[in-house]
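Peer 1: Below are the sequence and a predicted model for it; my questions follow.
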Amino acid sequence: MKKKQITATDKKPPSLQKKSSSHEIGAFLKAAGEATVAQKGRLIFSLDATMSRQPTWDKAVTIQASMFDAVGKAGGLSVQLVFFRGINECRASKWVIHAAALRDLMLGIQCLGGQTQISKILDHANRETTKAKVAALVFIGDAIEENIDLLCQKAGELGIKGVRCFFFQDGYDVNVEKGFREMTRLTGGAYFRLGPDSAKELAELLGAIAVYARGGLKALANSDRRGERLLLEQISK
């Protein structure tokens, strides 16, 4: 099984390439299976796996994994995992309906030194939603090392296409927060921070994002669960 290597200049859907380091990703994709039946929504879950996240990676992974647990419970979704790390390594899984397999893949990712590649993720989301509607993009990271004006332009393009972006910040860098908040504003999404004691709340919010990706704002409004209420409040600001 193969997976996508995303490049910054791709104008056509990126070619599929094998991961050079191991066979685990191929195995997980085989176990997960591609999304072959019609789903009610599509959600991209993306993350920064560069070395700056290493000090808090173990704790963050636990929170990140809750996303896939929540998606599995919500059902009715096609999910794709995208991550970047190292020197120009940015990869995307197939769209799958078995989110637990993506969770297992993410748990096996190791951080590698390199610059952020948020621009590639935004471009990738733009391409994907052109092919078939993407309801939401989740991004977890701690840095912005790219031109923020360019990132905001790309985020704005996603907003026009109706892709809400939800940014989760690992850390307390003020400039990163400003950048993440602006991209969420441009897409009608929401910003949150990964704190040491926020695992439960974030799990609820991630679950609410899954509910939104499947059923839209109406699904959030019709739920009385805390996570859905919190997310709807953030989107409505």
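Peer 2: That came in fine, so what should we check first?

Peer 1: Doesn't L137 belong to a strand?
Peer 2: Yes. L137 forms part of a strand when assessed by DSSP: H, G, I helix; E, B strand; the rest coil.

Peer 1: That one bridge partners, please.
Peer 2: For L137, the beta-bridge partners are I44, C165 (DSSP bridges).

Peer 1: Near it, how many other residues are there?
Peer 2: By the criterion of other CB atoms under 10 Å, L137 has 31 neighbours. The C-beta positions use only the backbone N, C-alpha and C, and glycine is treated the same way.

Peer 1: next one: E177
Peer 2: E177: 16 neighbours (other CB under 10 Å).

Peer 1: Can you give me the distance of it to F168?
Peer 2: Distance of E177 to F168, given as CB to CB, to the nearest Å: 11 Å.

Peer 1: Kindly report the same for I87.
Peer 2: Distance, I87 to F168, by CB to CB: 25 Å.

Peer 1: How about A208?
Peer 2: 13 Å.

Peer 1: shaky segments in this protein?
Peer 2: Residue ranges of the chain with pLDDT under 70: 1-4, 6-39, 64, 67, 70-75, 196-199, 236-237.

Peer 1: Recalculate using a threshold of 80.
Peer 2: Where the chain drops to pLDDT under 80, the residues are 1-40, 56, 58-76, 98-104, 195-203, 236-237.

Peer 1: now the helices for it?
Peer 2: 24-32, 54-74, 99-107, 118-131, 148-160, 174-187, 199-221, 226-236 (DSSP state H).

Peer 1: ok, now how distant is the residue nearest the centre of the chain from F166?
Peer 2: Among the residues of the chain, the one closest to the centroid is F45, at 2.2 Å (CA atoms, centre = their mean). Computed as CB to CB, the F45 to F166 distance reads 10 Å.

Peer 1: Mutual contacts of these two, please.
Peer 2: With contacts taken as CB atoms under 8 Å, 6 or more residues apart in numbering, F45 and F166 have V138 as neighbours in common.

Peer 1: picking that back up, need the overlap of contacts for E177 and F168.
Peer 2: Listed as contacting both E177 and F168 by CB under 8 Å, 6+ apart are Y191, R193.

Peer 1: check contacts around G113.
Peer 2: T50, M51, G86.

Peer 1: let's see 6 Å
Peer 2: Going by CB atoms under 6 Å, 6 or more residues apart in numbering, G113 touches M51.

Peer 1: thinking again about what came up before, turn the helices of the chain into JSON lines, columns for distance to A92.
Peer 2: As requested, those are exported to JSON lines (distance: least, CB to CB, whole Å):
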{"stretch": "helix 24-32", "distance to A92": "11"}
{"stretch": "helix 54-74", "distance to A92": "15"}
{"stretch": "helix 99-107", "distance to A92": "11"}
{"stretch": "helix 118-131", "distance to A92": "6"}
{"stretch": "helix 148-160", "distance to A92": "16"}
{"stretch": "helix 174-187", "distance to A92": "19"}
{"stretch": "helix 199-221", "distance to A92": "17"}
{"stretch": "helix 226-236", "distance to A92": "25"}
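
Peer 1: So for V82, which of those helices sits nearest?
Peer 2: helix 118-131 (5.6 Å; CB to CB).

Peer 1: quick one: buried residues of the closest one?
Peer 2: Neighbour-count burial for helix 118-131, counted by 16 or more other CB atoms under 10 Å, picks out I118, S119, K120, I121, L122, D123, H124, A125, N126, R127, E128, T129.

Peer 1: got it, and stretch 185-198?
Peer 2: Neighbour-count burial for stretch 185-198, counted by 16+ other CB under 10 Å, picks out R185, L186, T187, G189, A190, Y191, F192, L194.
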